[in-house]
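Student: predicted model follows, preceded by the sequence.
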Amino acid sequence: MARRPRPLTEITMTAIIDRGTTRDGLIQLRRRWQPSGVARASVLLIHGLGEHCGRYERVGDRLAAAGFDVVSIDNRGCGESGGVRAHVDSWDEYLDDIEDQLAELRTLDLPVVLIGHSLGGLMATTYCASDRPKPDAVVVSGPALGVDLRTKDKIMSFVGRFIRKVAPRFEVVDDFDATVFAEDVTVGEKFLTDPLRSGFMTISLALETQGAMAKANAAVNSLGLAVLALHGGRDKIVPPWASEPFENAPGATRVVYPELGHEVFNEPVGMELVDSVVEWIESTLDV
């Protein structure tokens, strides 16, 4: 029988790393940041494409300092978790992992917030659109509910289903440079040299992502949850229009920061934005 991550109640230190297994047997790395006092709420933080939860140390620390018990995982195929790099056979594999982590957080008997960035924002949205147990509130930043397809991307989208049949792990390499991650170019420079970064996605993941985008857009108006959507007005990876479905969705608040790029929490004002998320959680959940 696969070993599951240790119950969160057994973890007594802040900013601790542990490893467990997913329900289908993959090694899964997890970070946890705990407040020094009694926690007011719990948070599951889901990272984006090609990155890992170690890039969210400042965010986790800030949320913990505000009184939240925070957990983040390296998504399957990312960072130090197991699985084929940047690959899933089915989008539901991501949702299974989110469901299992949320179930553990529920054992703390606290309100639960799901936060997702970029592809993680798409994961969070599709999770909440499913029939799985929901969190109490959702925050998404630069949520990948849409992308601008260039000519070569459109061609790949067309032929991708045929490639997937014979080579589902065919790698679609990205061509991002240091300028696309944030207006602060040092963010991108550091990420591009990160040894845990994946600079591609498999054709299977690419097609699963496209399907998830369609589902997310169709479901935004019926999530039945309080949602905070943040987006950088100069986002060069996920265009600002991708989060527009949240603009008038019931229970949703959308905020666009005109001068910021894709990774809003990694900009120089990032911790101020985390503080605004804290304030929103406090008022939304009355904690």
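Tutor: Thanks, I have the structure now.

Student: ok, Arg58 - contacts?
Tutor: 265, 270-271, 274 (CB atoms under 8 Å, 6 or more residues apart in numbering). Just so you know, the C-beta spots here come from the backbone N, C-alpha and C atoms, and that holds for glycine as well.

Student: repeat that for Thr202.
Tutor: Applying CB under 8 Å, 6+ apart, the residues contacting Thr202 are 84-87, 168-172.

Student: with Glu263 instead?
Tutor: Contacts of Glu263 (CB under 8 Å, 6+ apart): 117, 141-142, 181-182, 187, 232, 270.

Student: let's see that with 6 Å instead.
Tutor: 181-182, 187 (CB atoms under 6 Å, 6 or more residues apart in numbering).

Student: kindly report the same for Trp280.
Tutor: Leu228.

Student: if we use 8 Å, what do you get?
Tutor: Here Trp280 is in contact with 139, 228, 253 (CB under 8 Å, 6+ apart).

Student: gap between it and Gly261?
Tutor: 21 Å (CB to CB, to the nearest Å).

Student: now do Val173
Tutor: Remark: distance between Val173 and Gly261 (CB to CB) = 22 Å.

Student: neighbour count winner among these two?
Tutor: Neighbours around Val173 and Gly261, counted as other CB atoms under 10 Å, are more numerous at Gly261. The numbers are 24 against 8.

Student: show me which residues of stretch 255-262 are buried.
Tutor: Buried residues in stretch 255-262, counted by 16 or more other CB atoms under 10 Å: 256-257, 260-262.

Student: need these in a markdown table with secondary structure, can you?
Tutor: Below are those laid out as a markdown table (DSSP: H, G, I helix; E, B strand; the rest coil):
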| residue | secondary structure |
| --- | --- |
| Val256 | strand |
| Tyr257 | strand |
| Leu260 | coil |
| Gly261 | coil |
| His262 | coil |
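
Student: nearest to Leu105, of those?
Tutor: Nearest to Leu105 among the buried residues of stretch 255-262 is His262, at 26.9 Å by CB to CB.

Student: residues contacting the closest one?
Tutor: 118, 142, 180-182, 232, 235-238.

Student: against Ala103, how distant is it?
Tutor: 30 Å.

Student: could you work out the most separated pair of the contacts of Arg58?
Tutor: Largest pairwise distance in the contacts of Arg58, by CB to CB, is 7.9 Å, between Phe265 and Met271.

Student: so for those two, which sits in the more crowded spot?
Tutor: When Phe265 and Met271 are compared for neighbours, Phe265 comes out ahead with 25 against 16, by other CB under 10 Å.

Student: helix, strand or coil for the residue nearest to the spatial centre of the chain?
Tutor: Nearest residue to the geometric centre of the chain (CA atoms, centre = their mean): Gly120, 2.2 Å. Following three-state DSSP, the label given to Gly120 is helix.

Student: list the contacts of it.
Tutor: Applying CB under 8 Å, 6+ apart, the residues near Gly120 are 45-48, 75, 140.

Student: mind putting those into TSV with neighbour count, secondary structure and distance to Gln210?
Tutor: Below are the contacts of Gly120 laid out as TSV (neighbours: other CB atoms under 10 Å; DSSP: H, G, I helix; E, B strand; the rest coil; distance: CB to CB, whole Å):
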residue	neighbour count	secondary structure	distance to Gln210
Leu45	25	strand	24
Ile46	26	strand	19
His47	25	coil	20
Gly48	25	coil	16
Asn75	28	coil	18
Val140	30	strand	18
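
Student: pull the most distant pair out of those residues.
Tutor: So, these by CB to CB: farthest apart are Asn75 and Val140, at 15.4 Å.

Student: where are the low-confidence patches of the stretch 151-287 of the chain?
Tutor: The stretch 151-287 of the chain contains residues with pLDDT under 70 at 151-152.

Student: show me where it has its helices.
Tutor: When secondary structure is read from DSSP state H, counting those that start in this stretch, the stretch 151-287 of the chain shows helices at 151-166, 185-192, 203-219, 270-285.

Student: for Val59, find the nearest of those helices.
Tutor: Nearest to Val59 among these is helix 270-285; the distance by CB to CB comes to 5.7 Å.

Student: having no further points to raise, I will conclude here.
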